[in-house]
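K.L.:
Predicted model and sequence follow; I will ask about them next.
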Amino acid sequence: MKALRRIAAAAGPPLVFAIIVLGLWQLYASVGPVSSLTLPKPTEVASALWENRSLLLENTWVTVEEILLGFAAAMVLGFLLAVLIRSSRLIERALYPWLVASQMVPVPAVAPLIVIWTGFDLRPKVIVIALVCFFPITVNTIDGLRAADPELLRLLRTLRANRVQRFVKAQLPAALPFIFSGLKVAAAFSVIGAVFAEWVGSSEGLGYLILTLNNQSATAEMFATIAILGVIGIALFLLVRGVEHLALPWYYEAREDEGEPEVDGLMLGAEV
């Protein structure tokens, strides 16, 4: 019962807010000075979802595959790069500025080059998604590795623990909450990366479908496709958050004992 109350407390406010927004949207689209080609009613979007369910489902699986592969690649790349950067102060001073500078170049600007280099198959989509997602994972992991207790590190050195032992016993446990924070941000970005990738070079997927529907001025169907993309992003975010709670029970138990709220809404403490 406690778990059900917790879920209801977390899901209730967003659902109420969504119902209010949809109601206002329906009202404005029905009586306001707006064409259905510009802003379709939510009921029209729902009808488009049902009538085009086969087409949408077929393209959804394509985009989900791209997102999962790109997200997995970003996890591996982001974690390994963060560990490399934190392995030495010299390496950190040499690479960290370039890590930040890499975000100054918009991924859509380099996506066409990636397509030219790799072709029109699955590879460029996975690469683009990984490039969009790896930065928050890397930066949060670096911050987490820095957050290790210096007293514990000194104790481990006194006990003659080697670098790997210090990493496993002190740095990695301290970094895990930061790593999952980066993963949750990357989960949201992964959908954006998939749309970018499919816009540049694809003949299937939800991003490609949006371009096709835009050329046909099929606004309701475009909104339906966007809604599915939103659901995919939310589902991936919730999946990461669920794994986080399974992997870090000690972290959330400590926060509950201290009465601290959870930013993304699962705990029943005070609101942030």
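P.N.:
Everything's here; your move.

K.L.:
If you drop the residues flanking it in sequence, what lies closest to residue 103?
P.N.:
Leaving aside its sequence neighbours, residue 103 sits nearest to residue 135 (CB to CB, 6 or more residues apart in numbering; 5.6 Å). In short, each C-beta sits where N, CA and C put it, glycine included.

K.L.:
Which element, helix or strand, includes that neighbour?
P.N.:
Element membership of residue 135, judged by DSSP states H and E, is helix 122-146.

K.L.:
how many neighbours does the residue nearest to residue 103 have?
P.N.:
Residue 135 has 21 neighbouring residues, counting by other CB atoms under 10 Å.

K.L.:
wait, doesn't it sit right on residue 78?
P.N.:
Yes. Using CB atoms under 8 Å, residue 135 makes contact with residue 78 at a distance of 7.5 Å.

K.L.:
How confident is the prediction for the residue nearest to residue 103, by pLDDT?
P.N.:
The model reports residue 135 with a pLDDT of 93.

K.L.:
and what of residue 256?
P.N.:
59.

K.L.:
Tell me the secondary structure at residue 161.
P.N.:
Applying DSSP: H, G, I helix; E, B strand; the rest coil to residue 161 yields a three-state assignment of coil.

K.L.:
Phi first, then psi, for it.
P.N.:
phi -70, psi 140 (degrees, to the nearest 10).

K.L.:
so what's the closest residue to it other than its chain neighbours up against?
P.N.:
Distances taken as CB to CB, 6+ apart put residue 169 closest to residue 161, at 7.0 Å, once the chain neighbours are dropped. Residue 169 makes contact with 152, 156, 161, according to CB atoms under 8 Å, 6 or more residues apart in numbering.

K.L.:
got it, and residue 133?
P.N.:
Contacts for residue 133 were tallied using CB under 8 Å, 6+ apart; they are 70-71, 74, 78, 186, 189-190, 193.

K.L.:
at 10 Å instead, please
P.N.:
Counting by CB atoms under 10 Å, 6 or more residues apart in numbering, residue 133 touches 67, 70-75, 77-78, 182-183, 185-190, 192-193.

K.L.:
list the residues that contact both of residue 135 and residue 78?
P.N.:
Common neighbours of residue 135 and residue 78 (criterion: CB under 10 Å, 6+ apart): 182, 186.

K.L.:
distance of residue 65 from residue 58?
P.N.:
Separation of residue 65 from residue 58 (CB to CB, to the nearest Å) stands at 12 Å.

K.L.:
How many residues are close by the closest residue to residue 118 other than its chain neighbours?
P.N.:
Among residues not flanking residue 118 along the chain, residue 124 sits closest, at 4.8 Å (CB to CB, 6+ apart). Residues lying near residue 124 (other CB under 10 Å) number 24.

K.L.:
Could you verify my assumption that residue 124 touches residue 197?
P.N.:
Yes. Under the criterion of CB atoms under 10 Å, residue 124 is in contact with residue 197, at a separation of 6.3 Å.

K.L.:
Need the residues touching each of the two.
P.N.:
66, 111, 114-115.

K.L.:
Let's see if you can find the most crowded of the residues you listed.
P.N.:
Counting neighbours by other CB under 10 Å, residue 66 comes out on top of those with 26 neighbours.

K.L.:
In contact with residue 99, which residues are there?
P.N.:
81-82, 85, 92, 134-135, 138-139, 142.

K.L.:
tell me which element it is part of?
P.N.:
In this structure, residue 99 sits in helix 89-101 according to DSSP H and E.

K.L.:
got the buried residues for that helix?
P.N.:
Within helix 89-101, the residues that count as buried by 16 or more other CB atoms under 10 Å are 92, 99.

K.L.:
what's the angle from it to helix 122-146?
P.N.:
130 degrees (axes from the mean of the first three to the mean of the last three CA atoms, to 10 degrees).

K.L.:
and helix 89-101, average pLDDT?
P.N.:
Helix 89-101 comes out with an average pLDDT of 90.

K.L.:
Any stretches of the protein with poor pLDDT?
P.N.:
Scanning the chain for pLDDT under 70 picks out the ranges 1-11, 252-272.
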